[in-house]
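**Q** here is a sequence with its predicted model. Questions after.
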Amino acid sequence: MGEQQDNQRGTEGGGREFERILAELILRMSGDEGTPALYPLGSLLPPQRELAQEFGVSRDTVQRVLRVLTDRNLIESRQGSGSRVIAVPEPARTGGAQPGAAALPVGAVRLARPGRTTLAPHIREAFTKPEVTLDVSTLTSESLQGHIWLQAERIRTGEIAAPRSIALRMLLPTDDLPLPYPRALADATDTRPVDRLRAITSRHETSLRHVLGMLRAEGLVENVEVAIRRVPIVPAFKLYLLNGTDALFGMYEVVERPIVLEDETKPLAAIDVVGIGATLMHYVRGEEPPESGASDSGGPESQGSVFVASMQSWFDSVWKHLAED
């Protein structure tokens, strides 16, 4: 009965129920003026069955809405794990718009700039371009490797057109650099946490070279360049510069947490940093943050342009003067 009613509404109302649910979920993910988001960045949306019951529609309608949110890189759905919010939509506004500002249509969204986000939607977007350039400064490359593997699979399956070229430059700390983290909480002289970190770094570096190299070997991408260099700098942040237009920047938060060493099952209390899934700030060349109210929406002096340019200049200078193969 519920599904018949939903189908009838969809036929007579031109998808009004679909638009209503899409707009409501976007509102719950972004929040409203003075109201925090019900489903903030990193949280899971309710199961499809619960959403269908709440809104009084079929699961098919809910699935259509979730597909749109996925296509807009706002959520990521995995079988058995649900749908997770991976980017922040433009906050909804019921009034008080800036004079002359264009109203967004129902369901229209964009990522907050600068704003909190994760790596996934931006890597996905970067790989839709004909020429992909990635400049990365990180501690281990563990996060990046998984995302690159996913994009390689998208290319293989034909989900996206293969780019003409992929160029990756990555900065990692030198192998003999004393690192303040990770370290055992009970014994700062215990080298096993750092040994584990370096093994993880080596493993993911090898995997990155292999995954990208296979795209070229299989004839899917004409030109692939992978250059990984070491620098004598303890990373305090991770930085991703994508296609010369986007910068993703996040500080490594130092935390106390258990880690599991190689070939052991008992966790070791340690001082470590949050890496995988860390929240990042997103800046785009030529754009002002939406909340700035600036009349200039772009140009070399916009906040996004200045940040992207300064981070690119920093990366290039370290690559040229400090990095070693």
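**A** Perfect, thanks for sending it. Residues are numbered from 1 along each chain as shown.
**Q** show me the contacts for residue 271.
**A** Shown in contact with residue 271 (CB atoms under 8 Å, 6 or more residues apart in numbering): 180, 181, 182, 183, 185, 254, 255, 256. Placement of C-beta: from N, CA and C, glycine included.
**Q** given the helix or strand that contains it, what are its sheet partners and their directions?
**A** With secondary structure defined by DSSP states H and E, residue 271 is part of strand 268-273. Strand 268-273 has its sheet partners listed here by DSSP bridges as strand 183-184 (antiparallel), strand 254-259 (antiparallel).
**Q** which of these sits closest to residue 25?
**A** strand 254-259 (31.2 Å; CB to CB).
**Q** pLDDT below threshold where in this protein?
**A** Residue ranges of the chain with pLDDT under 70: 1-15, 31-36, 79-80, 89-116, 275-278, 287-299.
**Q** okay, which residue is most central for it?
**A** The centroid of the chain falls nearest to residue 119 when counting by CA atoms, centre = their mean (1.7 Å).
**Q** ok, it to residue 250 distance?
**A** 9 Å (CB to CB, to the nearest Å).
**Q** so what's in contact with the two at the same time?
**A** residue 280.
**Q** list the buried residues of stretch 156-170.
**A** 162, 163, 166, 167, 168, 169, 170 (16 or more other CB atoms under 10 Å).
**Q** and the furthest pair within these?
**A** Farthest pair in those, by CB to CB: 162 and 170, 21.5 Å.
**Q** got the contact list for residue 213?
**A** Listed by CB under 8 Å, 6+ apart, the contact set of residue 213 reads 224, 226.
**Q** how close does it get to residue 28?
**A** On the measure of CB to CB, residue 213 and residue 28 end up 43 Å apart.
**Q** same deal with residue 156?
**A** 35 Å.
**Q** residue 325 too?
**A** 49 Å.
**Q** more neighbours: which of those two?
**A** residue 28 (20 against 6; other CB atoms under 10 Å).
**Q** the residue nearest to that one when sequence neighbours are not counted: how many residues sit nearby?
**A** The shortest distance from residue 28 to any non-neighbouring residue, by CB to CB, 6 or more residues apart in numbering, is to residue 38 (4.1 Å). The local packing of residue 38 (other CB under 10 Å) involves 14 other residues.
**Q** may I have the phi/psi pair for residue 38?
**A** phi -80, psi -40 (degrees, to the nearest 10).
**Q** touching, it and residue 26? I think so.
**A** No. Using CB atoms under 8 Å, residue 38 makes no contact with residue 26, being 11.2 Å away.
**Q** could you dump stretch 227-237 to CSV, C-alpha only?
**A** The C-alpha trace of stretch 227-237 is given here as CSV (Å, rounded to 0.1, in the frame of the first residue of the first chain):
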residue,chain,number,x,y,z
ALA,A,227,57.9,10.3,-8.1
ILE,A,228,58.3,9.7,-4.4
ARG,A,229,60.9,11.6,-2.5
ARG,A,230,62.1,11.8,1.2
VAL,A,231,62.5,15.0,3.2
PRO,A,232,64.1,15.5,6.7
ILE,A,233,60.8,17.0,8.0
VAL,A,234,58.5,15.5,10.7
PRO,A,235,55.0,15.9,9.2
ALA,A,236,52.7,18.1,11.3
PHE,A,237,50.1,18.1,8.6
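**Q** brilliant, that's me finished.
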